[in-house]
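Peer 1: Can you look at this prediction? I've put the sequence above it.
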Amino acid sequence: EDQVTQSPEALRLQEGESSSLNCSYTVSGLRGLFWYRQDPGKGPEFLFTLYSAGEEKEKERLKATLTKKESFLHITAPKPEDSATYLCAVRGTGFQKLVFGTGTRLLVSP
Amino acid sequence: GAGVSQSPSNKVTEKGKDVELRCDPISGHTALYWYRQRLGQGLEFLIYFQGNSAPDKSGLPSDRFSAERTGESVSTLTIQRTQQEDSAVYLCASSLSALGKEQFFGPGTRLTVL
């Protein structure tokens, strides 16, 4: 069964304190690993898609990386506006749905 | 351009009543998905539509749940005889095609069953 586990569940950082969020996955035939950001009361906002081990993508202070078993979302010098829940999801071979992890709640304090 | 829209944004209902939730996908997106997000849990797939193909209903939790989509436009998710465990945020997403890379989500409908 396809599965996604995210850690930590919650992370508190000071502004400027870099860190990484982890997404471990098991899937039969990865057809994409997705990162989303979700603010309270809103739907998930797409950030990145990664398809193969070794791939990296960057957007502002965020950088996503992928191995055969996990993905990391690196946050460099975060700001309070980066506070949100970050969701990881995978799509495997033979199905269109995304399988989501439970997310990491990030709080960045000024 | 306009994103995915959902209505209502909030719905409070009594146990046993039926509810209908609506989703307007991004124009031109042929694939449409419904997910459920319970408090403190990950998004749970419910149903997927792609063009005129038969929908993938494999995630619907019981026969009280059903969904329709007309062509490549609006979709409605219907929950009959609501139960308290149906309380959740119901999220709709659309993508450009069945092989579309990203799914773009609406703001969700928060359903509370009293």
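Peer 2: Nice, I can see it.

Peer 1: and chain B, which residues reach chain A?
Peer 2: For chain B, the residues in contact with chain A (Cβ under 8 Å from any Cβ of the partner chain) are B:4, B:31, B:33, B:35, B:40-45, B:48, B:50, B:56, B:59, B:91, B:93, B:98, B:101-108. Bear in mind the C-beta positions are built from the backbone N, C-alpha and C, glycine included.

Peer 1: which ones among these are found in strands?
Peer 2: Here DSSP state E is the test, and the residues of chain B next to chain A give B:31, B:33, B:35, B:43-45, B:48, B:50, B:91, B:93, B:104-105 as lying in strands.

Peer 1: just the buried members of the residues you listed?
Peer 2: Buried subset of these (neighbour count, 16 or more other Cβ atoms under 10 Å in any protein chain shown): B:31, B:33, B:35, B:43-45, B:48, B:50, B:91, B:93, B:104-105.

Peer 1: Now do A:L11: how many residues are near it, please.
Peer 2: Using other Cβ atoms under 10 Å in any protein chain shown, A:L11 is surrounded by 17 other residues.

Peer 1: Could you pull up the residues touching it?
Peer 2: A:19, A:21, A:104-107 (Cβ atoms under 8 Å, 6 or more residues apart in numbering or on different chains).

Peer 1: is B:S95 in a bridge, and if so with what?
Peer 2: B:A31 (DSSP bridges).

Peer 1: In contact with it, which residues?
Peer 2: B:S95 touches B:29-31, B:33, B:101-104, counting by Cβ under 8 Å, 6+ apart.

Peer 1: okay, and for chain B, where does confidence drop off?
Peer 2: Scanning chain B for pLDDT under 70 picks out the ranges B:1, B:98-100.
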